[in-house]
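> Here is a sequence with its predicted model. Questions after.
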Amino acid sequence: MGEVLIADEEELRKAVELARLIVREAERSIRWRAQRVLLALILNRGVYTRKPMRTQKRTGAMPPIVTVIIIVASVVAAALAAYFIYATTARGVRQVSLTVIGQPTLYAGQSGVELRVTFKNDGTADVDLAGSIISVQTKNKTVVQFANPSSPTKGDLKLAPGDSVALVYTNSTAKLDWFPDGAMATLQTTGGYQTSFAVAKP
């Protein structure tokens, strides 16, 4: 995400620099035009001292093409700035927030110890629980990892905002009496999201 932000800032900086360059060129063109008019006035005054001084029409007026260029550059710079602000805000608002529903419980299963837990995505971004692990603290203050999440009702473990799923995590070498009732557990997804909760025993 950091690289995307840097790229957006770089594009915005380039757009602003381009707009400033166009405005500088327009101002330079206007100054050059004004200098020509001033030079013509001086020459006319020196040669025709007894005649009315000639002036050109639209003295100091901005050429239409310069006006168009400035307007287009301003619109482009404003659009890029608005897009950058919108994209940054949207990325900051979209986030994962998992809530544990009910009471996560450890069970002695046929293939070791099972941890049954139900999650609900209360956030604004999708979260994929495939490949996630849950680390549970034992009575000896060590950590045992439960992996291979599966769901009896949902094949795809990707949760959209508002979705929920009941999962079963397993550890084939652990024993149920290793864990105290109310042991602390921490879920970690492959995307880096973490949340902690307490687990119970039947």
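Sure thing, it's come through.
> Name the spans of the chain whose pLDDT lies under the cut-off.
1-9, 11-12, 15, 18-19, 23, 25-27, 29-62, 66, 84-93 (pLDDT under 70).
> Give me the domain ranges for it.
2-93, 98-199 (automatic domain parsing).
> so what's residue 126 up against?
96, 158, 159, 160, 161 (CB atoms under 8 Å, 6 or more residues apart in numbering). All C-beta spots, glycine's among them, are computed from the backbone N, C-alpha and C.
> what about the fourth one, neighbour count?
For residue 160, the count of nearby residues is 10 (other CB atoms under 10 Å).
> residues in contact with it?
121, 126.
> how close does residue 63 sit to residue 181?
83 Å (CB to CB, to the nearest Å).
> ditto for residue 201
With CB to CB as the criterion, residue 201 and residue 181 are 5 Å apart.
> out of the two, which sits in the busier spot?
Neighbour comparison, residue 201 and residue 181: the larger count goes to residue 201, with 15 against 11 (by other CB under 10 Å).
> just checking, that one touches residue 106?
Yes. Here residue 201 lies in contact with residue 106, judged by CB atoms under 8 Å, at a distance of 5.3 Å.
> Now list whatever residues contact both of these two.
176, 179.
> So which residues make contact with the biggest strand by length in the chain?
Counting by DSSP state E, the longest strand found in the chain is strand 98-109. Here strand 98-109 makes contact (CB under 8 Å, 6+ apart) with 113-123, 127, 136, 164, 170, 175-176, 179, 183, 185, 187, 193, 195, 197-202.
> out of those residues, which are buried?
113-117, 119-121, 123, 127, 136, 170, 179, 183, 185, 187, 193, 195, 197, 199 (16 or more other CB atoms under 10 Å).
> In three-state terms, label residue 13 for me.
helix (DSSP: H, G, I helix; E, B strand; the rest coil).
> so what does the strand or helix carrying residue 185 touch, helix or strand wise?
Element membership for residue 185 (DSSP states H and E) is strand 183-188. Helices and strands touching strand 183-188, by 3 or more CB pairs under 8 Å, 6 or more residues apart in numbering; DSSP states H and E, are strand 98-109, strand 133-137, strand 194-199.
> Next, please give the residue ranges for the strands of this structure.
Using DSSP E, strands in the chain cover 98-109, 112-121, 127-128, 133-137, 143-150, 158-159, 164-171, 183-188, 194-199.
> Looking at those strands, spot the one closest to residue 21.
strand 127-128 (44.9 Å; CB to CB).
> got the contact list for that closest one?
96, 98, 121, 157, 158, 159, 189, 190, 191, 193.
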